[in-house]
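Chemist: Sequence below, structure please.
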Amino acid sequence: SYNRLTGAGASLALVCAAPQMEQLALKACGLNDKDAAEIAPELSYSSLKVLQLAENHLSDVGVFALAEHLPTAELLRLLDLTNNSIPASALGQLAEAWIRVPERVKSGKLAI
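Modeler: Down below sits the predicted model:
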């Protein structure tokens, strides 16, 4: 958290794929939609349970990329997107993707 990582999405995607990595805190790292789009596909293969992307520069584009891969990121239980620039129009798709994993409905947390 709090490191300038703008444009490091491809490298961060490799970190997400690290075996046994359960938490990744990327709060206030200057990440943008392109970074989120590069991280998103790795969520499907990741052992991450917690992904903190709060206080970055994500908009609907980044959220849509994440939402596309959330249904197959079955281990993820906490996704923190607070204090980004996410418009209300993107929230429905995000919530819909989140609840496609029943265990998340019971014990997960989506923070926006």
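Chemist: ok, which stretches of the protein are strands?
Modeler: Applying DSSP state E to the chain gives strands spanning 23-25, 50-52, 78-80, 109-111.
Chemist: okay if I get those strands as a markdown table plus mean pLDDT?
Modeler: Formatted as a markdown table, the strands of the chain follow (pLDDT from 0 to 100):
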| stretch | mean pLDDT |
| --- | --- |
| strand 23-25 | 96 |
| strand 50-52 | 97 |
| strand 78-80 | 98 |
| strand 109-111 | 95 |
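Chemist: among those, which is nearest A90?
Modeler: Among the strands of the chain, the nearest to A90 by C-beta to C-beta is strand 109-111 (12.5 Å). Bear in mind the C-beta positions are built from the backbone N, C-alpha and C, glycine included.
Chemist: still on that earlier bit, out of the strands of the chain, nearest to E96?
Modeler: E96 lies closest, by C-beta to C-beta, to one member of these: strand 109-111, at 11.0 Å.
Chemist: Name the residues of that closest one that are buried.
Modeler: Within strand 109-111, the residues that count as buried by 16 or more other C-beta atoms under 10 Å are L110.
Chemist: Tell me which of the strands of the chain lies nearest to S89.
Modeler: If you check each of the strands of the chain against S89 by C-beta to C-beta, strand 109-111 wins as the nearest, at 16.5 Å.
Chemist: what helices or strands is the closest one leaning on?
Modeler: strand 78-80, helix 88-98 (3 or more C-beta pairs under 8 Å, 6 or more residues apart in numbering; DSSP states H and E).
Chemist: what's the lowest-mean-pLDDT helix or strand in the chain packed up against?
Modeler: Taking mean pLDDT, DSSP states H and E as the measure, the helix or strand of the chain with the lowest value is helix 9-16, at a mean of 88. Judged by 3+ C-beta pairs under 8 Å, 6+ apart, helix 9-16 is in contact with strand 23-25, helix 33-39.
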